[in-house]
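1. With the sequence up front, the predicted model follows.
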Amino acid sequence: QVQLAESGGGFVQAGGSLRLSCAASGRSFSSYPMGWFRQTPGKEREFVAAIRWTGSNTNYANSVKGRFTISRDNAKNTVYLQMSSLKPEDTAVYYCAADASLGSIYNTDYKSWDSWGQGTQVTVSS
């Protein structure tokens with residue numbers, strides 16, 4: 001498995017932007033699909049975005065399409081989530097995920113992703 005550590009969360013007003021980063025350790029990082037999920041209290045972890053190992057293919061939840069952008073830098077073992085036009089409903093703990101089984105980026109079920117970071121809180125005020 002790969003070890004993941006998120007950073008970049010914080011407090012922002014509605015309409016603002018944040019960029020989350022996820023630093024990965026492990027020699028095989030560049031071959032893994034990577035994703036971002038989010039979770040609020042009492043709810044299941046929700047898919048946000050995913051990116052193929054080449055960076056050429058991405059997948060987004062409808063709720064964030066056009067506002068969020070996922071990217072990766074395999075040389076730096078880092079994946080990013082640029083979040084713009086933030087809304088109060090984007091408030092959640094955001095988790096970075098890796099799929100060491102090399103599954104599809106269109107698999108939005110969090111149970112299929114096998115490596116997780118500790119999460120970073122994003123709070124958007126109205």
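-> Happy to help now that I have it.
2. list the contacts for residue 46?
-> Residue 46 makes contact with 37, 38, 39, 61, 92, 110, according to C-beta atoms under 8 Å, 6 or more residues apart in numbering. Every C-beta, even on glycine, is put in place using the N, C-alpha and C of the backbone.
3. Pull up the per-residue confidence for it.
-> If you check residue 46, the pLDDT there is 98.
4. How about residue 85?
-> For residue 85, the predicted pLDDT is 98.
5. Which residue comes closest to it once chain neighbours are left out?
-> Using C-beta to C-beta, 6 or more residues apart in numbering and skipping residues adjacent in sequence, the residue nearest residue 85 is residue 67, 4.6 Å away.
6. would you list every one of the strands in this protein?
-> Assigned by DSSP state E, the chain shows strands spanning 3-7, 10-13, 18-25, 34-39, 46-51, 58-60, 68-73, 78-83, 92-98, 115-116, 120-125.
7. mind listing what's buried in the fifth one?
-> Which is strand 46-51. Buried residues in strand 46-51, counted by 16 or more other C-beta atoms under 10 Å: 46, 47, 48, 49, 50, 51.
8. Same question for the second one.
-> Of the residues in strand 10-13, those buried under the neighbour-count criterion (16+ other C-beta under 10 Å) are residue 12.
9. List the contacts of the residue nearest the centre of the chain.
-> In the chain, the residue lying closest to the centroid (C-alpha atoms, centre = their mean) is residue 36, at 1.9 Å. Counting by C-beta under 8 Å, 6+ apart, residue 36 touches 20, 22, 48, 49, 50, 70, 79, 81, 94, 95, 96, 97.
10. Assess the claim that residue 47 and residue 110 are in contact.
-> Yes. Between residue 47 and residue 110 a contact is recorded at 6.9 Å, counting by C-beta atoms under 8 Å.
11. Now for those two: what residues contact both?
-> residue 37.
12. Dump the strands of the chain to TSV, plus distance to residue 106.
-> Formatted as TSV, these follow (distance: least, C-beta to C-beta, whole Å):
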stretch	distance to residue 106
strand 3-7	21
strand 10-13	29
strand 18-25	20
strand 34-39	11
strand 46-51	8
strand 58-60	5
strand 68-73	13
strand 78-83	17
strand 92-98	14
strand 115-116	18
strand 120-125	24
